[in-house]
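S.K.: 3D model of this:
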Amino acid sequence: MPLLYTIGKHTVGPTLRLAFRPTVEGLEHIPATGGAIFAGNHLSVADELFLGTVVPRHLAFWAKSEYFKGTGLKGAFSKFVLTGLGAIPVERAGGRAALSAFDAAIPVLKAGDLVAVYPEGTRSPDGRLYRGRTGAARLAVAAGVPIIPVGMIGTDKAQPIGVRVPRPGKAEIIVRFGKPLDFTDRAGDRTSLREMTDEVMSEIQKLTGQEYVPRYAPPRAKAPVAGEPPVGV
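M.R.: Alright, predicted model coming up:
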């Protein structure tokens, strides 16, 4: 586990547990060893904080590549922190540049680490669960690892879009993990990836009880913050 991530597990993690007392269900579905993809609904920036807090192992999150390339003292500090946390850089430009995130994630997964992905591609604008993009399934097939569905409840109330830090007492936080989905014997063609993704989203919906919207979430007007994967992941 990266040093800064370890420090966070012993500082930020206990603070969040004490302040919010999140309910965690399904921890037995998290493998003790080996790579896996956590695919969850995305309600708030706080999703990453609480997911990292309750998962006992290291989780590699996505972060905009700009945070790794900044100049001056601020840029150096940002790069130091994200590298120390084991974050995966993401090019927001799209195309081949965006796919570099997959290239970086595959060896991480094959080495036995965990990666968090949000199939909706962005935070839900209204609390509903939107159609998933096929990136998580594509990554699972390429790396040969299972997908663990994750359901987050209450994080949008604790830290709504536009609020800088989570606020205790605003909602009960619940984190639910579903049974791992093994797609290693499935084909990687477009039709199969779509079917796998729909299976993942169905399991997430069972965990959260959200209303499902069979279309992609509308893109946000502002650029996503660190921790959000590229659209399509």
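
S.K.: surely Gly13 and Thr53 touch.
M.R.: Yes. Here Gly13 reaches Thr53: they are 4.4 Å apart, a contact under CB atoms under 8 Å. Using the backbone N, CA and C atoms, a C-beta is placed for each residue, glycine as well.

S.K.: buried residues in whichever strand or helix holds Glu195?
M.R.: Glu195 is part of helix 190-208, with elements assigned from DSSP states H and E. Under the neighbour-count criterion of 16 or more other CB atoms under 10 Å, helix 190-208 has 192-193, 195-197, 199-201, 203-205, 207-208 buried.

S.K.: now do that helix: distance to the chain's middle.
M.R.: Offset of helix 190-208 from its chain centre (CA atoms, centre = their mean, to the nearest Å): 15 Å.

S.K.: run through who's touching that helix.
M.R.: 39-41, 119, 129, 131-134, 136-138, 140-141, 147, 149-153, 176-179, 181, 183, 186, 212 (CB atoms under 8 Å, 6 or more residues apart in numbering).

S.K.: what about the helices in this structure?
M.R.: Counting by DSSP state H, the chain has helices at residues 3-20, 46-54, 72-85, 95-110, 135-143, 155-158, 190-208.

S.K.: can you check the pLDDT for the residue of the chain most remote from its centre?
M.R.: Going by CA atoms, centre = their mean, the residue of the chain most distant from its centre is Gly72, 29.1 Å out. In this model, Gly72 is scored at 88, pLDDT.

S.K.: separation between it and Ser78?
M.R.: Computed as CB to CB, to the nearest Å, the Gly72 to Ser78 distance reads 10 Å.
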